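[1] Need a 3D model of the sequence below.
(one chain, ligands or ions: 1)
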Amino acid sequence: MLEARNLSVNYGMIRAVREISFTLAKGELVSLLGANGAGKSTTLKCIAGALKAGGGSIMLDCRDITSASPEQVVRAGLATVPETRDVFPDLTVSENLMLGAYIHRRDRAGNRENLQRVHHLFPRLAEREAQAAGTLSGGEQQMLVIARALMSRPAVLLLDEPSLGLAPAIVDRIFEMIETLKRTGLTILLVEQNVNQALAVADRAYVMRLGRIVASGTADEIRATTDLTKHYLGG
Ligand code: ATP
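    Residues are numbered from 1 along each chain as shown. From the prediction side, this is the model:
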């Protein structure tokens, strides 16, 4: 479904991502793990079309999206939830959600149907549809940015650190939500610092260190063979 081949991304002289290769099969939930600065967010930004690849290729469902713009990537069926968790604070929850449906703006019936599906997945957002997004709690805002991404009707969802800065009880709910999304058939690439919870929901994982992939396998294989502390502490 999604494949990166020898992907490199540079910031000027800084080689943030160095010839990494990975695949996600349809319906798989794959975690991308690694310490701060390992290159995970840079990888997601490049797939999303926000950063240019310095080399290699990205294929989405057999289409080459290596040089696609962010809008072309969304139209190709891939949505990203960045770690910045940006909502439009003065717009209502509903208005924020409808912005996620931008590429389908002429398909009103389809958007209504999709909004119902999203409300079903996130009842809390349905209850708060008329409330300004800026007044939601941190956890609710995280739900909103995920729900907004779903309004583009993606086949693949990239999630960048969805649990960042949230209280443990809320983090548990976010992970439950991610498992629910997986059950809907969505293909998910999950970047997380929360290694144990990420491995608990993932089919497979890749571990990045200093811009390279240094380990990959099923969650059990990664737990058994990789010194995650070393990779997390960057030692
Ligand atoms: P984090 O969890 O902190 O987001 P990460 O694994 O996502 O870590 P990246 O943010 O992708 O790591 O950063 C990879 C490398 O690229 C780091 O060395 C970082 O300092 C560098 N980097 C990231 N963004 C920029 C930028 N805009 N300009 C220059 N260097 C950058």
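[2] Just list what the longest helix seen in the chain packs against, helices and strands only.
    Among the segments of the chain that qualify as a helix by DSSP state H, the longest is helix 168-183. Other helices and strands packing on helix 168-183, by 3 or more C-beta pairs under 8 Å, 6 or more residues apart in numbering; DSSP states H and E, are helix 108-121, helix 138-150, strand 187-191, helix 195-201. From N, CA and C alone the C-beta is placed, and that goes for glycine too.
[3] Provide the secondary structure category for the closest residue to Ala202 other than its chain neighbours.
    Distances taken as C-beta to C-beta, 6 or more residues apart in numbering place Ser31 nearest to Ala202, at 4.0 Å, with adjacent residues excluded. Look at Ser31: counting by DSSP: H, G, I helix; E, B strand; the rest coil, its state is strand.
[4] Deepest-packed of the helices and strands packed on helix 168-183, please.
    strand 187-191 (a mean of 24; mean count of other C-beta atoms under 10 Å).
[5] which residues touch it?
    1-2, 24-33, 40-41, 43-44, 47, 83, 155-162, 178, 181-182, 198, 201-202 (C-beta atoms under 8 Å, 6 or more residues apart in numbering).
[6] just for the protein, where's the confidence low?
    229-235 (pLDDT under 70).
[7] In it, what residue spans correspond to strands?
    For the chain, the strands defined by DSSP state E occupy 2-11, 14-24, 29-34, 55-60, 63-64, 78-81, 156-160, 187-191, 204-209, 212-218.
[8] domain ranges for this protein?
    Per the record, the chain has its domains at 2-77+154-233, 88-153, by automatic domain parsing.
[9] List, one by one, the residues from this structure near the ligand.
    Where the chain comes near the ligand, counting by C-beta under 6 Å from any ligand atom, the residues are 11, 14, 16, 34, 36-42.
[10] between those residues, which is closest to Val214?
    Gly34 (8.3 Å; C-beta to C-beta).
[11] Skip the chain neighbours and tell me the closest residue to the closest one.
    Met208 is the one closest to Gly34 (C-beta to C-beta, 6+ apart), at 3.6 Å.
[12] OK, contacts around the one you found?
    Residues in contact with Met208 (C-beta under 8 Å, 6+ apart) are 20, 32-34, 38-40, 43, 214.
[13] any chance of these in JSON lines, plus neighbour count?
    Formatted as JSON lines, these follow (neighbours: other C-beta atoms under 10 Å):
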{"residue": "Ile20", "neighbour count": "20"}
{"residue": "Leu32", "neighbour count": "27"}
{"residue": "Leu33", "neighbour count": "26"}
{"residue": "Gly34", "neighbour count": "27"}
{"residue": "Ala38", "neighbour count": "25"}
{"residue": "Gly39", "neighbour count": "25"}
{"residue": "Lys40", "neighbour count": "26"}
{"residue": "Thr43", "neighbour count": "29"}
{"residue": "Val214", "neighbour count": "14"}
